[in-house]
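1. the sequence and its predicted three-dimensional model are supplied below.
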Amino acid sequence: MKKQLLCTSAIALGIAAAPAAAQEWNLDWGGYMNQHVAFGDISDNLAVIAPGFAGQDWEGDGLSLHQTSEIIFTPNVTLDNGMTFGINIQLEGENVGARIDETYMSISSDTFGRLDLGAENSAGYKSMVGAPSVTSMYINSPSTSAFIPFTGYDAALTAAVATPVNIVTLPFRQAGISSYTEVGGNNDVSRITYYTPDFNGLTVGVSYAAQGAVNAASSYSINKNAVLSDIFDIGVNYSNSFGSTDVTLAARWGTGETPSVAAGASDFETWGVGFQVGFNNITIGGSWAENDNDETLITSGIGLGDSEGWSLGVTYDAAGPWAFELLTYQSETDLVVGGASTGFTTDREAYKLGASRTLGPGVDWDIYLVHETREVDVIPGTEIEGTLLGTAINLSF
C-alpha cells in the first residue's frame, strides 16, 4: 500500500556512560524536487491596487510552472549505550524567503523515545493525519496558491470600504488552509519536543516554545509581552494493523499566550483530530481542525480571525505502478473588523482528482485535476475560482 502514512536525568546518565572512544558518524543526507506544469483557468476579482484604488486586473490564466525542492542533511552518531545524537538541517532549493527550513538536534533511543531541540514544528502538528493523497499538489495545504492566488487586493471589498483591503490571504498553519495547524500559525520556531517510545503503536508528544515570532533562527532576546508566547502543544498518534486492516488515529491540542492587554483578549488555541483506515489497497481518511485566535489584536481595518476546516478523501493503490486519489478540503475563517467578529466568513473549498505512477526508485509521475473556490460571504463579487489541469515529476533520494 502506498505510503501515507526524554527525561533530562536519563539523558545525562546516557552521556556519562558513553565510552571515551569515538563512534563513527553517519553523514546521511537526502532531498527531493517536485516540478509542476499546469494549465489554469482562473476567475478572480483581484486588482493591483495603486493610490486612488485604481489598478490592473490580476491575470493567472494559461500555462504556469512551479517547483519545490530541499536538500536535507541528517548526520547522526549512535553511542555504545544505544543513544543516537543527530542533526536535521533542511536547505530550501528556491531563493525565496527563508533559505533554511527546519534546523534542530535530536537525541533518541528505543527505550528513551526522542527529544528534539531547535527550530521545528510542534508535536501536535507532526502527530496529525488527514485525508490521504498520492500526488504532490496538496490541497490540505497552501500548495495550490502557486497557481490560484491566496493573496491580493480584493476589488469588491476595496470599493465597498474605500480603502485597499487584502482579504484573500489565509493565515499560514491555520485551519483556513490546512488541518495541519499550529497555535496562532507559528511555524518552525525554537522549541523543545519530547516523544515517548512506541507503545504498541501509541506515541505521545509534548512541545514547548517560549515565543512564536522567530522562524528557523536563533531567537536571542524576545520580549514575550509583545508576541505570541509560552506555546504548549500535545499530540497523540496511534497506528496499528488488525489482520489486513491498517488503522491510524491522531489528535492534537495547543495553546499560547496572547500579547494583547485589551478587554476581551483571549489566549490562542488549536485542536484537531484525524484518521486513516486502509484495506484491500484502499485508504480512507479525514480530519477536522480549529484555530481560535485573539481577534482583539486586529485593532483596525478588516482581518481574519478564528477558523475551522476539514478534509476527507480516498486513495486506491492499483496492481502495478499506478495509485489514484479523490479528496477535498473545506474551511471557514471569520471576518474581523476592529477587533470583533462580524459574523461573516471567508470560505475555501478545494477538490482534487489525481493519479501517480511510480517510474523507478524515488521517481514518480503525477497527473491531477484541482478545482478551488475562495469567497467572502458578506459582499457579492468576492469569489476567486480556479481549475488546474497539471502534471508533475517528483524526485526523492
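-> Thanks, I have the structure now.
2. how about the helices in the stretch 1-150 of the chain?
-> 8-16, 123-127 (DSSP state H, counting those that start in this stretch).
3. pick out the shakiest of the ones you listed, pLDDT-wise.
-> Of all the helices of the stretch 1-150 of the chain, helix 8-16 carries the lowest average pLDDT, namely a mean of 39.
4. give me the below-cutoff pLDDT ranges for the stretch 151-300 of the chain.
-> 151-169, 216, 218-220, 300 (pLDDT under 70).
5. show me where it has its helices.
-> So, for the stretch 151-300 of the chain - with DSSP H, counting those that start in this stretch - the helices run 155-161.
6. can you pull the buried residues of stretch 189-206?
-> For stretch 189-206, the neighbour count (16 or more other CB atoms under 10 Å) marks V189, S190, R191, I192, T193, Y194, Y195, T203, V204, G205, V206 as buried. C-beta coordinates here come from the backbone N, C-alpha and C atoms, glycine included.
7. please tell me how far the third one sits from F172.
-> Note on R191: its distance to F172, by CB to CB, to the nearest Å, is 17 Å.
8. buried ones in stretch 114-132?
-> Quick answer for stretch 114-132 (16+ other CB under 10 Å): 114-116, 118-132.
9. typed the wrong thing, it's stretch 375-391
-> Those would be E375, V376, V378, I379, T382, I384, E385, G386, T387, L388, G390, T391, for stretch 375-391 by 16+ other CB under 10 Å.
10. end to end on that stretch, go ahead and measure it.
-> From its first residue to its last, stretch 375-391 covers 27 Å (CA to CA, to the nearest Å).
11. tell me the average confidence for it?
-> 82.
12. what comes into contact with that stretch?
-> Stretch 375-391 has contacts (CB atoms under 8 Å, 6 or more residues apart in numbering) with 36-46, 60, 137, 144, 147-149, 154-157, 160, 167-168, 335, 342, 344-347, 365-374.
13. next one: stretch 90-105
-> Residues contacting stretch 90-105 (CB under 8 Å, 6+ apart): 31, 33, 67-73, 85-89, 116-121, 188, 215-216.
14. and if you look at stretch 261-269?
-> Residues contacting stretch 261-269 (CB under 8 Å, 6+ apart): 183-184, 228, 253-258, 291-294, 296, 299, 339.
15. thought I89 was touching G31?
-> No - contact criterion CB atoms under 8 Å: I89 and G31 do not qualify, at 11.4 Å.
16. neighbour-wise, which of the two wins?
-> I89 (19 against 15; other CB atoms under 10 Å).
17. what sits in contact with each of I89 and G31?
-> The contact lists of I89 and G31 share I72, where a contact means CB under 8 Å, 6+ apart.
18. all strands of the stretch 1-150 of the chain, in order?
-> 29-43, 46-47, 62-73, 76-78, 84-92, 100-109, 113-119 (DSSP state E, counting those that start in this stretch).
19. could you do the stretch 251-397 of the chain as well?
-> So, for the stretch 251-397 of the chain - with DSSP E, counting those that start in this stretch - the strands run 268-279, 282-292, 302-317, 322-337, 340-360, 363-376, 384-396.
20. adding distance to T245, write these out as TSV.
-> As requested, the strands of the stretch 251-397 of the chain are exported to TSV (distance: least, CB to CB, whole Å):
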stretch	distance to T245
strand 268-279	5
strand 282-292	10
strand 302-317	14
strand 322-337	18
strand 340-360	23
strand 363-376	26
strand 384-396	28
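21. out of these, the one nearest V77 is which?
-> strand 384-396 (24.4 Å; CB to CB).
22. now that closest one against strand 62-73, angle please.
-> Counting by axes from the mean of the first three to the mean of the last three CA atoms, to 10 degrees, strand 384-396 lies at 40 degrees to strand 62-73.
23. between strand 384-396 and strand 340-360, how many degrees?
-> Going by the same axes, to 10 degrees, strand 384-396 makes 40 degrees with strand 340-360.
24. F73 reaches G86, doesn't it?
-> No - the pair F73 / G86 is not scored as a contact, 10.1 Å apart, by CB under 8 Å.
25. right, and the strands of the stretch 1-150 of the chain - which one's nearest T315?
-> strand 29-43 (18.0 Å).
26. what packs against that closest one?
-> Packed against strand 29-43 by the contact rule (3 or more CB pairs under 8 Å, 6 or more residues apart in numbering; DSSP states H and E) you find strand 62-73, strand 384-396.
27. try it again at 10 Å.
-> If contacts are counted by 3 or more CB pairs under 10 Å, 6 or more residues apart in numbering; DSSP states H and E, strand 29-43 sits against strand 62-73, strand 84-92, strand 363-376, strand 384-396.
28. before we move on, the earlier item: pick the most buried one from the strands of the stretch 1-150 of the chain.
-> Counting by mean count of other CB atoms under 10 Å, strand 46-47 has the highest mean neighbour count of these, with a mean of 22.
29. which of the buried residues of stretch 189-206 lies closest to T358?
-> T203 (28.5 Å).
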